[in-house]
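S.K.: Need coordinates for the below:
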Amino acid sequence: MTWFTFAFLTALSVATHDAWMKKWFSHLSPWEMTAYPLVYSLPLFAVSLLFVDIPLLDKTFYITFAVCLPLNAIPLFMYMKAIRISPLSLTVPYLAFSPVFIVGTGWLFLDEIPDGWGLAGIAAVCVGSYVLNIDPARRSFWGPFRAVFRETGSWMMLIVALIYGFTSVLGKLAILHSSVMFFQMSFFFVLNILIIICFLIFRKIRLAIFARHPAKGMVAGGLFFSHILFHGFGISLTKAAYMISIKRLSIVLGVIFGGMVFHEPNFRIRLLGAVLMFAGAAGIVLMAQ
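M.R.: This next block holds a predicted model:
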């Protein structure tokens with residue numbers, strides 16, 4: 001059950017981070033909104049590296065590390081833009097499809113194949129995400145599918161889920177060829193620096209903007225750091241598809257935040273979808289023992 005604890009803490013960190021960013025930083029540009037948690041989490045990654053042993057690294061680690069840099073930078077920006085321009089309950093649910101993509105990438109890169117119960121749990125998570133997007137006023141079967149094209153944040157988050165289907169598995173591969181702490185801390189230390197430098201070079205952000213809300217920025221950075229830390233330990237202890245399915249319970253929390261904090265519509269039907277997703281995730285946990 002240790003992996004489940006880390007996976008659930010990851011979900012909690014992600015959902016809280018999304019709500020925090022949408023509430024306090026959605027007035028910024030997508031570039032500045034993306035950079036805010038990176039700037040304030042950078043010192044945490046830097047300090048952590050001072051206490052991490054450097055393991056024996058091989059060619060697989062370096063190749064995977066290099067490939068993961070652009071594959072993580074692109075969805076990070078798209079993720080922030082999606083939750084900035086669209087309701088949380090119409091964006092974060094599409095992340096539920098990342099475990100489906102991971103079934104294929106996990107088999108391809110890690111030779112991980114979920115059993116029948118695991119696949120059933122993953123399917124329940126996906127069905128729940130469909131229910132989340134049902135509009136009671138229209139009662140259309142194809143409505144949730146059309147929402148992907150109608151809502152910009154929805155189709156952007158679906159692309160994010162597809163990319164995360166690769167990066168989650170590649171990240172675990174890098175962990176297997178190093179260590180949890182070394183890869184997570186070193187990778188996001190480098191990634192944060194590269195993204196911030198690129199944004200500055202292309203004049204997408206101004207450093208002065210990050211001095212305006214230091215307290216809120218530190219909370220954002222701390223939540224992002226917690227997400228990365230818990231994710232690394234969780235995915236190293238079980239199959240990638242299982243861990244990511246539990247991590248997607250952030251969708252349940254995101255729907256609750258969307259209804260309670262941002263007063264988004266159709267709260268009850270979306271909460272029903274969230275319950276279905278939780279049932280699927282719980283099934284994965286019980287059958288993975």
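S.K.: Could you use CA atoms for every contact and neighbour count after this?
M.R.: Noted.
S.K.: got the residue ranges for the helices in the chain?
M.R.: 2-25, 30-49, 59-85, 98-110, 116-132, 143-150, 152-176, 180-201, 214-236, 240-247, 250-260, 267-287 (DSSP state H).
S.K.: Residue ranges in the stretch 101-250 of the chain under the pLDDT threshold?
M.R.: Applying pLDDT under 70 to the stretch 101-250 of the chain flags residues 114, 132-133, 135-148.
S.K.: hmm, back to that, would you mind finding the most buried of the helices of the chain?
M.R.: Greatest average neighbour count among the helices of the chain goes to helix 240-247 (a mean of 29), per mean count of other Cα atoms under 10 Å.
S.K.: Output the contacting helices and strands for that one.
M.R.: For helix 240-247, the packing partners by 3 or more Cα pairs under 8 Å, 6 or more residues apart in numbering; DSSP states H and E come out as helix 2-25, helix 98-110, helix 116-132, helix 152-176, helix 214-236, helix 267-287.
S.K.: and it with helix 2-25, angle?
M.R.: 50 degrees (axes from the mean of the first three to the mean of the last three Cα atoms, to 10 degrees).
S.K.: which residues touch helix 240-247?
M.R.: Applying Cα atoms under 8 Å, 6 or more residues apart in numbering, the contact partners of helix 240-247 are 3-4, 7-8, 10-11, 96, 98-100, 102-103, 106, 112, 114, 118, 122, 125, 168-169, 172, 234-235, 281, 284-285.
S.K.: Give me the distance from it to the chain's centre.
M.R.: Relative to its parent chain, helix 240-247 has a centroid offset of 11 Å by Cα atoms, centre = their mean, to the nearest Å.
S.K.: Tell me what angle that helix forms with helix 98-110.
M.R.: Using the same axes, to 10 degrees: helix 240-247 against helix 98-110 is 160 degrees.
S.K.: hey, C-alpha coordinates of helix 240-247 in PDB?
M.R.: The C-alpha trace of helix 240-247 is given here as PDB (Å, rounded to 0.1, in the frame of the first residue of the first chain):
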ATOM      1  CA  ALA A 240       3.200   2.900 -14.200                       C
ATOM      2  CA  ALA A 241      -0.400   2.500 -15.400                       C
ATOM      3  CA  TYR A 242      -1.600   1.700 -11.800                       C
ATOM      4  CA  MET A 243       0.200   4.600 -10.200                       C
ATOM      5  CA  ILE A 244      -1.000   7.100 -12.800                       C
ATOM      6  CA  SER A 245      -4.600   5.800 -12.500                       C
ATOM      7  CA  ILE A 246      -4.500   6.600  -8.700                       C
ATOM      8  CA  LYS A 247      -2.700   9.900  -9.400                       C
END
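S.K.: related to what we said a few turns ago, could the helices of the chain be laid out in CSV, adding distance to residue 92?
M.R.: Listed next are these as CSV, based on distance: least, Cα to Cα, whole Å:
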stretch, distance to residue 92
helix 2-25, 9
helix 30-49, 16
helix 59-85, 8
helix 98-110, 11
helix 116-132, 9
helix 143-150, 12
helix 152-176, 7
helix 180-201, 22
helix 214-236, 16
helix 240-247, 12
helix 250-260, 6
helix 267-287, 11
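S.K.: Out of the ones you listed, which is closest to residue 91?
M.R.: Nearest of those to residue 91, taken as Cα to Cα: helix 152-176 at 4.7 Å.
S.K.: Tell me the helices and strands packed up against that closest one.
M.R.: helix 59-85, helix 98-110, helix 143-150, helix 214-236, helix 240-247.
S.K.: Right, I'll call it a day here.
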